[in-house]
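> got a sequence here, can you build the structure:
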Amino acid sequence: MHVNLASLITDARRVTGSVLNHQPAIRASGTVMTRALRTGHKILTCGNGGSAADAMHLAEELVGRYKGNRRALAAVALNSDATALTCIANDFGYDAVFSRQVEALGQKGDVLVVFSTSGNSPSILRALAAARKGGLVTVALLGKGGGKAKGLSDHEIIIDSDDGARSQEAHTLILHLWLELIEAGLR
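Numbers count the residues shown, from 1 in each chain. Next up is the predicted model:
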């Protein structure tokens, strides 16, 4: 089987280039996160599969550092605690793995950032509902037209691609842009 690398690279360039069209939404959601962190609130993140890696990436850069030395920032990737995930999945079903943690850890003024290339994961949909109920601000990075999650967040960025890999590449770029905005906003 022949893989056309040039075609894949060209499509990746097109999709990541489309991030330019989302600058206002990136800036607005970055500002919301910066404000939350500046006022003592935290960022909760979550995703499934490769999107879980994106959620962990954002949280670890906030707690550790991205580029500049600064104070540690409060962030938790809800998909990184294996004991919580397996306990909740066993007792309540996988669809509740993030919503239960949002109920336990989220407070009014915190921000929930969800990553989903399809926008259709029940665990993500339930997390957004729990966040709304708890008074958290919600941010969604989505693909494939937004799926069922479209319109459920305070801030959403929908990548125009049906290819999960291309959406994830754009999501990584956006999370790096958020980190730039957050670190600049906290100086």
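
> can you tell me what sits against the strand or helix carrying residue 14?
Following DSSP states H and E, one finds residue 14 within helix 5-17. If you take CB atoms under 8 Å, 6 or more residues apart in numbering as the criterion, helix 5-17 is touched by 159-161, 163, 166-167, 169-170, 173. All C-beta atoms are positioned from the backbone trio N, CA, C, and that covers glycine.

> just checking, which of those residues belong to helices?
166-167, 169-170, 173 (DSSP state H).

> distance to residue 35, neighbour count and pLDDT added to those residues, as TSV?
Shown next, in TSV, are the ones in helices among the contacts of helix 5-17 (distance: CB to CB, whole Å; neighbours: other CB atoms under 10 Å; pLDDT from 0 to 100):
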residue	distance to residue 35	neighbour count	pLDDT
166	31	22	96
167	27	27	96
169	28	19	96
170	24	23	97
173	22	17	97
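
> show me which of these is closest to residue 58.
residue 173 (12.2 Å; CB to CB).

> list the contacts of the closest one.
Contacts of residue 173 (CB under 8 Å, 6+ apart): 16, 19.

> for residue 128, see how far away it is.
23 Å (CB to CB, to the nearest Å).

> cool, and residue 169?
For residue 169 relative to residue 128 (CB to CB), the value is 23 Å.

> same question for residue 143.
For residue 143 relative to residue 128 (CB to CB), the value is 16 Å.

> also residue 101?
Per CB to CB, residue 101 is found 13 Å from residue 128.

> these two: who's more crowded?
The residue with more neighbours, out of residue 101 and residue 128, is residue 128; 25 against 22, by other CB atoms under 10 Å.

> in contact with the closest residue to that one other than its chain neighbours, which residues?
With CB to CB, 6 or more residues apart in numbering as the criterion, residue 128 has its nearest non-adjacent residue at 4.8 Å, and that residue is residue 152. By CB under 8 Å, 6+ apart, the contact set of residue 152 is 125, 128-129, 132, 138, 140.

> buried subset of those residues, written for ChimeraX?
A single ChimeraX command is used to select the members of these judged buried by 16 or more other CB atoms under 10 Å:
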select :125,128,132,138,140
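
> tabulate the contacts of residue 152 (CSV), appending pLDDT, distance to residue 93 and secondary structure.
Output for the contacts of residue 152, formatted as CSV (pLDDT from 0 to 100; distance: CB to CB, whole Å; DSSP: H, G, I helix; E, B strand; the rest coil):
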residue, pLDDT, distance to residue 93, secondary structure
125, 98, 13, helix
128, 98, 17, helix
129, 98, 15, helix
132, 98, 20, helix
138, 98, 22, strand
140, 98, 22, strand
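
> check the offset of the helix holding residue 14 from the chain's centre.
22 Å (CA atoms, centre = their mean, to the nearest Å).

> show me which positions of that helix end up buried.
Neighbour counts over helix 5-17 (16+ other CB under 10 Å) mark 11-12, 15-16 as buried.
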